[in-house]
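K.L.:
got a structure for you, letters missing:
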């Protein structure tokens, strides 16, 4: 059973960390972009959305170049004791970047649908900009953000290409569900592969169902405003 | 109280250009800007509150300069100590009546805990007969109650002036006269200065001591 549980638990750990990081980074970037008035905004948005369309192997290659032992940040990081190549932390980095645009897109459109009048009203009542964010914008955008975060979790759970490039395929250390499936198929172990595939599919369906419930329908949206 | 405002603002929307060039000064506690919609009244009120930055001009309230384009003064909305009653009230839909009223009592990142037991909130809940709705959400109460909640939320922080944007437009005709009387009594009781913008002559009649008529972005006449 270790052949099933070890990669499953590792995948959940990696996806969990990636989702937590994206919750902070994605929401911050989305809020920034939704408020920023600059001609550079579209360019920055496009760059941040790039992981959605680039092949994961390309992303993995970038990550190796930047975070490899001789990479730009990698050399510096390994001096302070952080190794990203062939570690589960490297898998977290890959999953975070691949899933990031899903949180960014959902959170940005959620922030943009918050009626500006509520934010104005809060400011006139004397509440600080941080207070306006935490007490008005964030709670009113919460459902859209939660839906994006769930999608990001599902995407991170299934991450394969970039993860394989930077974290490799070390059973028990960096072998996540999707990598384990690949290896099981290569080894002709169809029973393990089938079981892993079913687990992944059921988890992703459950996540999609919950995400679908969180995004308010048109009728609910009208009711809110 | 004294208000003096003289502002200019040009707005462009595709092929249309709207020029606002509007000034008035008054010592009255009941000022009404009266005129058709689209005349620039709402913009003027937003400029008072700091929600719109004019291109040029000055705004002073009780000898305190809130805005002066020439010397670069533009006090943030948070520090103007004005209260704003939005036309559709802008009650926070995710907060209860008590949380809405208490909103301005805390300026930091968190809502007040147990707002219904704060003395200032209790006072306003009682004054407006809202005790039974303290835990309700804005979508669950009537139009008249919503206006009372919005007034309570605006007044709880003891503002220097109360700005009202078409305060009765969102109410049924039958309710309007009653709420108008209520507002008039409230103003006399609290002695809080009001600046109202409206297109309804009945509001002018009931609430206007100093009346300025606005048309096409300029003041036409006053009585």
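P.N.:
Perfect, I can see it now. Model, not experiment: these values are computed from the prediction.
K.L.:
Just give the nearest non-adjacent residue to the residue of chain B at minimum distance from chain A, would you?
P.N.:
At 3.5 Å from chain A, residue B:104 is the closest residue in chain B, using CB to the nearest CB. Using the backbone N, CA and C atoms, a C-beta is placed for each residue, glycine as well. Nearest residue to residue B:104, sequence neighbours excluded (CB to CB, 6 or more residues apart in numbering or on different chains): residue A:125, at 3.5 Å.
K.L.:
In contact with the spatially most central residue of chain A: list those residues for me.
P.N.:
Chain A has residue A:99 as the residue nearest its centroid, 3.2 Å off, counting by CA atoms, centre = their mean. Counting by CB atoms under 8 Å, 6 or more residues apart in numbering or on different chains, residue A:99 touches A:18-19, A:22, A:151-153, A:155-156, A:159.
K.L.:
Chain B versus that one, what's the distance?
P.N.:
Counting by CB to the nearest CB, to the nearest Å, the gap from residue A:99 to chain B is 27 Å.
K.L.:
Helices along chain A, start to end?
P.N.:
Ranges of helices in chain A, per DSSP state H, are A:2-35, A:41-53, A:56-67, A:74-79, A:88-113, A:116-124, A:129-132, A:138-157, A:161-167, A:177-186, A:190-214, A:218-224.
K.L.:
Kindly reformat those as JSON lines and extend each row with mean pLDDT and distance to residue B:95.
P.N.:
Below are these laid out as JSON lines (pLDDT from 0 to 100; distance: least, CB to CB, whole Å):
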{"stretch": "helix A:2-35", "mean pLDDT": "92", "distance to residue B:95": "20"}
{"stretch": "helix A:41-53", "mean pLDDT": "93", "distance to residue B:95": "31"}
{"stretch": "helix A:56-67", "mean pLDDT": "92", "distance to residue B:95": "42"}
{"stretch": "helix A:74-79", "mean pLDDT": "84", "distance to residue B:95": "44"}
{"stretch": "helix A:88-113", "mean pLDDT": "95", "distance to residue B:95": "18"}
{"stretch": "helix A:116-124", "mean pLDDT": "95", "distance to residue B:95": "10"}
{"stretch": "helix A:129-132", "mean pLDDT": "94", "distance to residue B:95": "13"}
{"stretch": "helix A:138-157", "mean pLDDT": "92", "distance to residue B:95": "8"}
{"stretch": "helix A:161-167", "mean pLDDT": "91", "distance to residue B:95": "42"}
{"stretch": "helix A:177-186", "mean pLDDT": "92", "distance to residue B:95": "42"}
{"stretch": "helix A:190-214", "mean pLDDT": "88", "distance to residue B:95": "20"}
{"stretch": "helix A:218-224", "mean pLDDT": "50", "distance to residue B:95": "12"}
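K.L.:
surely residue B:46 meets residue B:52?
P.N.:
Yes - proximity of residue B:46 to residue B:52 meets the contact threshold set by CB atoms under 8 Å, at 3.9 Å.
K.L.:
Please say which of the two ends up with more neighbours.
P.N.:
Between residue B:46 and residue B:52, residue B:46 has the larger neighbour count (other CB atoms under 10 Å in any protein chain shown), namely 20 against 17.
K.L.:
mind listing what the residue in chain A positioned nearest to chain B touches?
P.N.:
Nearest residue of chain A to chain B: residue A:125, at 3.5 Å (CB to the nearest CB). Listed by CB under 8 Å, 6+ apart, the contact set of residue A:125 reads B:83, B:103-104, B:153-154, B:157.
K.L.:
On the strand side of things, show who the most centrally placed residue in chain B bridges to.
P.N.:
Residue closest to the mean C-alpha point of chain B, counted by CA atoms, centre = their mean, is residue B:163 at 2.4 Å. Judged by DSSP bridges, the bridge partners of residue B:163 are residue B:84, residue B:195.
K.L.:
just to revisit the earlier point, looking at the helices of chain A, which is closest to residue B:73?
P.N.:
Closest approach to residue B:73 among those is made by helix A:116-124 (17.8 Å; CB to CB).
K.L.:
and the angle from the closest one to helix A:138-157?
P.N.:
The directions of helix A:116-124 and helix A:138-157 differ by 120 degrees, with axes from the mean of the first three to the mean of the last three CA atoms, to 10 degrees as the criterion.
K.L.:
by contact count, what packs against helix A:116-124?
P.N.:
Under the contact definition 3 or more CB pairs under 8 Å, 6 or more residues apart in numbering or on different chains; DSSP states H and E, helix A:116-124 sits against helix A:129-132, strand B:82-85.
K.L.:
Show me which residues of chain A sit near chain B.
P.N.:
Counting by CB under 8 Å from any CB of the partner chain, chain A comes close to chain B at A:115, A:117-118, A:120-128, A:130-131, A:133-136, A:139-140, A:223-225.
K.L.:
thinking again about what came up before, so how far is residue B:167 from the residue nearest to the centre of chain A?
P.N.:
With distances taken as CB to CB, to the nearest Å, residue A:99 is found 48 Å from residue B:167.
K.L.:
outside of stretch B:200-215, which residues touch it?
P.N.:
B:22, B:24, B:26, B:28-36, B:39-41, B:44, B:166-169, B:176-177, B:180-181, B:183-184, B:187, B:194, B:196, B:198, B:219-223.
K.L.:
Show only the entries of those found in helices.
P.N.:
Assignment to helices by DSSP H places the following of the contacts of stretch B:200-215 there: B:41, B:44, B:176-177, B:180-181, B:183-184, B:187.
K.L.:
Which residue ranges of chain B form strands?
P.N.:
B:3-13, B:16-26, B:30-34, B:56-61, B:64-68, B:73-74, B:82-85, B:161-165, B:194-198, B:210-215, B:218-222 (DSSP state E).
K.L.:
Ranked by average pLDDT, which of these falls at the bottom?
P.N.:
Lowest mean pLDDT of these: strand B:218-222, a mean of 73.
K.L.:
List the contacts of residue B:118.
P.N.:
So residue B:118 contacts B:102, B:105, B:112 (CB under 8 Å, 6+ apart).
K.L.:
can you pick the most crowded of those residues?
P.N.:
When neighbours are taken as other CB under 10 Å, the top entry among the contacts of residue B:118 is residue B:102 (25 neighbours).
K.L.:
hmm, stretch B:72-83 in reach of chain A?
P.N.:
Yes - Stretch B:72-83 lies within reach of chain A by CB under 8 Å from any CB, at B:76-83.
K.L.:
I'd like these as TSV, with neighbour count appended.
P.N.:
Putting those into TSV (neighbours: other CB atoms under 10 Å in any protein chain shown) gives the following:
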residue	neighbour count
B:76	12
B:77	23
B:78	19
B:79	10
B:80	25
B:81	18
B:82	25
B:83	26
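K.L.:
picking up where we left off before, buried only: go through the contacts of stretch B:200-215 for me.
P.N.:
B:22, B:24, B:26, B:28-35, B:39-41, B:44, B:166-168, B:176, B:180, B:183, B:187, B:194, B:196, B:198, B:219, B:222 (16 or more other CB atoms under 10 Å in any protein chain shown).
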